[in-house]
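>>> attaching a predicted model along with its sequence, questions to come.
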Amino acid sequence: MMNCKEKLILLIIILFSTSVELLFSQYSGKNNYSGNWEDPLSWVPVWPDPQNTVSGVNININGLITVNGSLTFTGSSGNLIVIDTLVVKGDLTLGDNNSLLINNSGILIVWGNLYINRAVITANGYFVIVKDVKKTQQFDEGQFSSNQNPAKVFVGGNVPAEISGGNPKYPALDCSKQDANTYANSLCSYGNLTDLANTPVFDFYRSTCMLSKPEVTAAGPMSFCAGDSVQLTSGSGFKYLWSNGATSQDINVKESGVYSVVITNEQGCESAPSEALSVNVLPLPVKPSVKVSPGLSVCSGNTITLESSDAASYRWSTGAKTKSVSISSTGDYFVEVTNDYGCIKSSDTIHLTVYPLPERPFVSASGPLSFCSGDSVILNAGAGAEYFWSTGEKSSAIIVKKSGSYNVCVKNAMGCLSDTSAAVSVIVNPLPSVALNASSAVCMGNAVEVTEVPAGGVLKVVSGSANILNNVLTPLKPGNLLVEYTYTGICPNSVTKNILVMDLPHANAGSDQTIVSSRETKMQAGLLPVEKGEWMLVSGSGEIMDIHSPVTQIAALGTGRNVFRWKVSQDECISTADVTLTVEGFIIPSVITPNGDGENEFFYIDPDYGKVKLLIFNKWGKIEYQSDNYLNNWNGRSSKGLELPDDTYFYVLQFADGVVKKGSILIKR
């Protein structure tokens, strides 16, 4: 008698010696057979009442089986083995105790979602999930694997990150790394529907689509005249392909033909072509031509004839329905013709002009017809298109400066000519001869004597400013002075004279200066390039270095007030200005030259300021010389009597009234 272990071994041997179909399925799809899951005859043995919710049943798919809805495996252990092809036109749900095996040559297409939690899935063949993979719990349980790398798994929707992020139990749904075995579009171990398009099963996948034939609606009549159109609109889709190659949902049809559309949804499924719609575009009549006689414009009282080319019927813009019409007024005209189909074509618009006849011109004058030489009169012919004066001129108005008889006739744009106007007689009287003699230039402040020929006329200032007394002009301001002399006989005549009144140049000697502790300074006067200048001493004392330069140094100024004058001349006109230089206070020298020549040997200050303390520092701040009661006796030696080197030193003077003066002193022997 066998023990338990021996019985188990015997059971395993029996199981492995039994065919796969007998071991794992109670129902199998027929080989080389296409049928629906719901049909009992699709199964071996015959399944009396096929259920879409399966519990405790193993299913083998050998042929092509289509589930017309969703499919659920639930309850006790039940397995689905796809050896050939299974198409689920809804969701696929696998319970916790169920498993799915897709053989290498198998194909499983789920047009909805895949619902799993603990199910074990082995997808060695093609597994297409059009929507999402749904798993809401037990992320560390269940399994989804494949013997292919990358897996032949394609998901159109989403996969939970808990299983696509490198979960070791779901290697067929891994998006945590990209390498040579990941799909180009999804970048995962499984592909998306774009990646599916590059596989051998894509055409079969599209053949299983559940996409109905689209309906096409027309926005107007399907038969219309050329130049019009009709809009055809397809039912909703993701993509559209019309029979004319258009890819929009709406097309605007302007040509005859038969039109249909194929739509594609987001899963790439194509519909069958829509019912064909026939569009008939009717021809337009030939564009009519219009014969114009005698031309596009005529004079008033005449007419223009418009005649259309042949057509079935006519309608002019005037409302007339004859082949030709007569026009007697200005306007725009066209004709519409209709063919046997009732289609209309318009001619080009023609603009016609009927001009009024010109009236006999009346010549008007702008002033008297008798005037003095140098004046004129304007003769105006009034309105017209063209003018023909007796002088040969062709403007609407002419300027007449000579004696004579003048007339004109006018013509309009159509060449309609008026009668000649009445003659106009013009008389021009000669002017007397006059002259005016005077200087052409004068400075302000001077007078100008004027001589008139002949005497007895009127002298006046036309522009500028001047007084006139007994033929003597006295300018009041600089600038151009225009003087006019008028003598009146039969006709008045005038002559003018331009006199340049030159302004006196502006003398600017600079600002007054008050100079403390020095007897020299710089004077700065103003001088234009066209002017000349010269300095001179008016009072006081001082030495001017350059008497002709506006900017010059002055030395040896006396204590107190010193006045200098700056004289500026331009052409014949002269102006002056004074500047006062006032010297105040005592003078502290800036250099001594103790070389034994008797000049500038000592550091000398004005002795009238009482007791003074003097300190001499070198450039490093060391006191070289000091005297509490300085007596103008420092000659460049130290307090020890040593000769200091030539250099710049610094002094501090402290006066009895508390005033302190500081500065530098240069020793130069």
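Now that the structure is in, tell me what you want to look at. Remember, predicted model here, so these are calculated numbers, not experimental data. Numbering: from 1, shown residues only.

>>> report the contact partners of Asn380.
363-366, 396-397 (C-beta atoms under 8 Å, 6 or more residues apart in numbering). For glycine as for every other residue, the C-beta is placed from the backbone atoms N, C-alpha and C.

>>> any chance of a ChimeraX selection covering the buried ones in those residues?
Applying 16 or more other C-beta atoms under 10 Å to the contacts of Asn380, the buried members can be selected in ChimeraX as follows:
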select :363,396,397
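
>>> of the contacts of Asn380, which pair is most distant in space?
Ala365 and Ser396 (14.0 Å; C-beta to C-beta).

>>> if we only consider the contacts of Asn380, which is nearest to Asp96?
For the contacts of Asn380, the nearest to Asp96 is Ser396 (109.3 Å; C-beta to C-beta).

>>> let me know the pLDDT of that closest one.
Looking at Ser396, its pLDDT is 92.

>>> do you know how far it is from Lys291?
Per C-beta to C-beta, to the nearest Å, Ser396 is found 37 Å from Lys291.

>>> kindly report the same for Arg561.
Arg561 sits 110 Å away from Lys291, going by C-beta to C-beta.

>>> let's check: the centremost residue of the protein is which one?
Ser248 (34.1 Å; C-alpha atoms, centre = their mean).

>>> kindly list the main-chain dihedrals of the closest residue to Ser28 other than its chain neighbours?
Spatially, and ignoring its direct neighbours in sequence, Ser28 is nearest to Asn60 (3.9 Å; C-beta to C-beta, 6 or more residues apart in numbering). Dihedral pair for Asn60: phi -110, psi 130, per degrees, to the nearest 10.

>>> start at 38 instead
Right, with 38 as the first residue, what we last looked at is Asn97.

>>> isn't Asn97 right next to Ile118, touching?
Yes: with contacts counted by C-beta atoms under 8 Å, Asn97 reaches Ile118, the gap being 5.0 Å.

>>> contact partners for Ser586?
Per C-beta under 8 Å, 6+ apart, neighbours of Ser586: Gly570.

>>> what about it, is that helix, strand or coil?
coil (DSSP: H, G, I helix; E, B strand; the rest coil).

>>> spit out the contact partners of the nearest residue in space to Pro393 that is not next to it in sequence.
In this structure, Pro393 finds its nearest non-sequential neighbour in Ser337, 4.9 Å apart by C-beta to C-beta, 6+ apart. Residues near Ser337 by C-beta under 8 Å, 6+ apart: 391-394.

>>> drop anything exposed from these.
Burial by neighbour count, 16+ other C-beta under 10 Å: within the contacts of Ser337 this picks out 391-392.

>>> go through the contacts of Ser337 and flag which are in helices.
Using DSSP state H to define helices, no part of the contacts of Ser337 is located there.

>>> okay, the contacts of Ser337 in TSV with distance to Ile642 next?
Listed next are those as TSV, based on distance: C-beta to C-beta, whole Å:
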residue	distance to Ile642
Val391	113
Tyr392	110
Pro393	110
Leu394	113
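
>>> which pair in the contacts of Ser337 spans the largest distance?
Once C-beta to C-beta is applied, the contacts of Ser337 give Val391 and Leu394 as the farthest pair, at 10.6 Å.

>>> those helices in this structure, which residues are they?
Under DSSP H, the chain gives helices at 41-53, 57-61, 198-201, 230-233, 239-244.

>>> quick check: mean pLDDT across the longest one?
Helix 41-53 shows an average pLDDT of 34 in the prediction.

>>> and if you look at the second one?
Predicted confidence along helix 57-61 averages 34 (mean pLDDT).

>>> the third one now?
With pLDDT averaged residue by residue, helix 198-201 scores 92.

>>> which parts of it are buried?
Those would be 200-201, for helix 198-201 by 16+ other C-beta under 10 Å.

>>> hmm, who's touching that helix?
By C-beta under 8 Å, 6+ apart, helix 198-201 touches 170, 172, 176, 181, 206-207, 210-213, 225.

>>> at 6 Å instead, please
Applying C-beta atoms under 6 Å, 6 or more residues apart in numbering, the external contacts of helix 198-201 come out as 176, 207, 210, 212.

>>> pLDDT at the closest residue to Val192 other than its chain neighbours, what is it?
Excluding its sequence neighbours, the residue lying closest to Val192 (C-beta to C-beta, 6+ apart) is Ile166, at 4.8 Å. pLDDT, Ile166: 96.
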